[in-house]
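Student: Just the structure for this:
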Amino acid sequence: MPMFEFATAQRIIFGRGVFDQLAGLTAEYGRRVFLVAGQHALAPGGPVEQLTAKAGALDLELTVQPVSGEPDAPTVNAAAERAHSVNANVVVGLGGGAALDTAKAVAGLLTNGGPILDYMEVVGKGLPLKQPAAPFLAVPTTAGTGSEVTRNATIIDPITHFKASVRSPSLLARVVLVDPLLTLGLPPGPTASTGMDALTQLIEAYVSRRANPLTDAIVMGALSRGARALPRAWDDPNDIAAREDMCFASLCSGLALANAGLGAVHGFASPLGGNFPVPHGVACARLLPPVMAANVAALRAMPPDAPAGASTAGDTLARYSQVGRAVADGGDDAIEAGIAWARNEVARLRIPGLRQYGMTEADVPEMVRQAQGASSMKGNPVTLDEATLTEVLRQALD
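Tutor: Take a look at the predicted model:
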């Protein structure tokens with residue numbers, strides 16, 4: 001058994017209606033609350049209004065910071081400055097991955113100071129956070145990123161057009177509230193893209209070079225549940241049982257990726273998200289089938305006992321077979337069944353190709369170059385050469 005480390009939020013509370021506990025739990029960490037909220041959370045009668053209604057009775061001072069779209073460095077810096085100006089001493093993220101990542105970054109800057117680029121890997125100075133981040137509570141309103149239980153905040157650098165992370169154990173949430181009721185009514189488009197992001201994260205963590213027995217157990221406890229639930233949630237936005245299963249799959253994907261890493265799909269997603277207005281989950285969905293196929297082809301070309309993934313090429317192929325059985329009940333060739341499932345889900349959920357976001361064939365070489373330097377690429381079970389990566393990205397265009 002390999003040596004491994006597992007780190008996650010201090011406390012995770014999961015279930016229908018647990019959002020009602022947020023005000024009381026927040027008061028345990030501070031009174032001057034900086035609330036980073038996504039658009040879904042800000043809707044009339046939504047969770048922000050509900051939290052505001054309870055804040056007065058607990059003597060909470062709320063400062064609401066709306067976010068939309070992927071967070072970039074200037075947005076994070078401005079939010080942190082505003083949090084400083086109101087002397088915030090606790091940060092709450094309420095929304096999708098953008099809101100949660102922004103909130104995490106603000107929590108880090110509140111106690112460490114400086115611009116966010118000082119702490120960003122790959123594109124910035126990569127300095128460590130020397131002081132513990134301000135207390136951070138996470139409440140997801142989508143089922144996809146798993147950001148509520150990760151130790152990194154992913155931010156776009158507008159100069160290099162690259163998405164990179166600030167990473168520190170102190171960014172882990174003090175409390176995570178996962179309430180499936182908050183995801184009811186999410187439209188089919190975001191349901192599909194965030195859901196495929198969660199499923200991609202589960203698969204990539206399972207075949208990652210850093211997979212371990214604990215993350216394996218988490219993935220296999222969630223993958224089939226999520227694969228069955230996503231089409232139902234897409235068909236019926238108010239199917240609470242499907243939403244509950246997707247919230248669980250998303251939570252598990254965050255637990256797994258934070259401790260096992262990811263792979264080539266997310267290696268590509270970083271530069272794509274920084275250069276084009278493509279939603280992160282859309283990029284993951286379109287890239288998952290060709291990356292799975294490319295990895296399997298490369299593994300089959302290797303001797304079975306050659307090092308790959310967390311063990312050997314043969315063992316990693318067996319992992320892809322397990323994936324196929326989990327998502328598609330694959331028979332004699334579960335590996336191919338798993339790849340076919342990924343292709344079929346992209347088509348069934350009507351996830352658009354990357355060309356619809358302005359990417360062309362001419363952009364492929366530069367995106368491949370940038371992806372090769374992404375941190376997630378290091379977790380891929382095999383090293384894919386430039387020609388293979390180029391073909392993978394071309395397949396995701398249409």
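
Student: mind listing what's buried in stretch 55-65?
Tutor: 55, 60, 62, 64-65 (16 or more other Cβ atoms under 10 Å). Every residue, glycine included, has its C-beta placed from N, CA and C.

Student: nope, stretch 175-194 is what I was after
Tutor: 175-183, 186, 189-194.

Student: on that earlier part again, redo the buried residues of stretch 55-65 as CSV? Include distance to residue 341, secondary structure and pLDDT.
Tutor: What follows is the buried residues of stretch 55-65, written out as CSV (distance: Cβ to Cβ, whole Å; DSSP: H, G, I helix; E, B strand; the rest coil; pLDDT from 0 to 100):
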residue, distance to residue 341, secondary structure, pLDDT
55, 45, helix, 92
60, 46, coil, 96
62, 44, strand, 96
64, 41, strand, 97
65, 39, strand, 97
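
Student: Can I get those in JSON lines including distance to residue 252?
Tutor: Listed next are the buried residues of stretch 55-65 as JSON lines, based on distance: Cβ to Cβ, whole Å:
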{"residue": "55", "distance to residue 252": "31"}
{"residue": "60", "distance to residue 252": "31"}
{"residue": "62", "distance to residue 252": "31"}
{"residue": "64", "distance to residue 252": "30"}
{"residue": "65", "distance to residue 252": "29"}
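
Student: just those now: which is nearest residue 207?
Tutor: Closest to residue 207 out of these is residue 65 (37.2 Å), distances taken as Cβ to Cβ.

Student: from the buried residues of stretch 175-194, which single one is nearest residue 7?
Tutor: Ranked by distance to residue 7 (Cβ to Cβ), those are led by residue 176 at 13.3 Å.

Student: How far off centre is stretch 163-176?
Tutor: 12 Å (Cα atoms, centre = their mean, to the nearest Å).

Student: And it, what's buried?
Tutor: 163-168, 170-176.

Student: And stretch 304-319, by the same measure?
Tutor: 308-313, 315-319.

Student: Please apply the same query to stretch 75-83.
Tutor: Buried residues in stretch 75-83 (16+ other Cβ under 10 Å): 75-77, 79-80, 83.

Student: same deal with stretch 320-338?
Tutor: For stretch 320-338, by 16+ other Cβ under 10 Å, it's 320-328, 330, 334-338.

Student: Just the CA coordinates for that stretch, please, in PDB.
Tutor: Coordinates of each C-alpha in stretch 320-338 appear next as PDB, following Å, rounded to 0.1, in the frame of the first residue of the first chain:
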ATOM      1  CA  TYR A 320     -10.600   1.900 -16.600                       C
ATOM      2  CA  SER A 321     -12.500  -1.400 -16.700                       C
ATOM      3  CA  GLN A 322     -13.900  -0.700 -13.300                       C
ATOM      4  CA  VAL A 323     -14.900   2.800 -14.500                       C
ATOM      5  CA  GLY A 324     -16.700   1.200 -17.400                       C
ATOM      6  CA  ARG A 325     -18.600  -1.200 -15.100                       C
ATOM      7  CA  ALA A 326     -19.600   1.700 -12.800                       C
ATOM      8  CA  VAL A 327     -20.900   4.000 -15.400                       C
ATOM      9  CA  ALA A 328     -22.200   1.700 -18.100                       C
ATOM     10  CA  ASP A 329     -22.400  -1.800 -16.700                       C
ATOM     11  CA  GLY A 330     -19.900  -2.800 -19.300                       C
ATOM     12  CA  GLY A 331     -19.800  -6.500 -20.200                       C
ATOM     13  CA  ASP A 332     -16.900  -8.200 -22.000                       C
ATOM     14  CA  ASP A 333     -15.200  -5.000 -22.800                       C
ATOM     15  CA  ALA A 334     -16.000  -2.600 -20.000                       C
ATOM     16  CA  ILE A 335     -13.200  -0.200 -21.000                       C
ATOM     17  CA  GLU A 336     -14.800   0.500 -24.400                       C
ATOM     18  CA  ALA A 337     -18.200   0.700 -22.700                       C
ATOM     19  CA  GLY A 338     -16.900   3.400 -20.400                       C
END
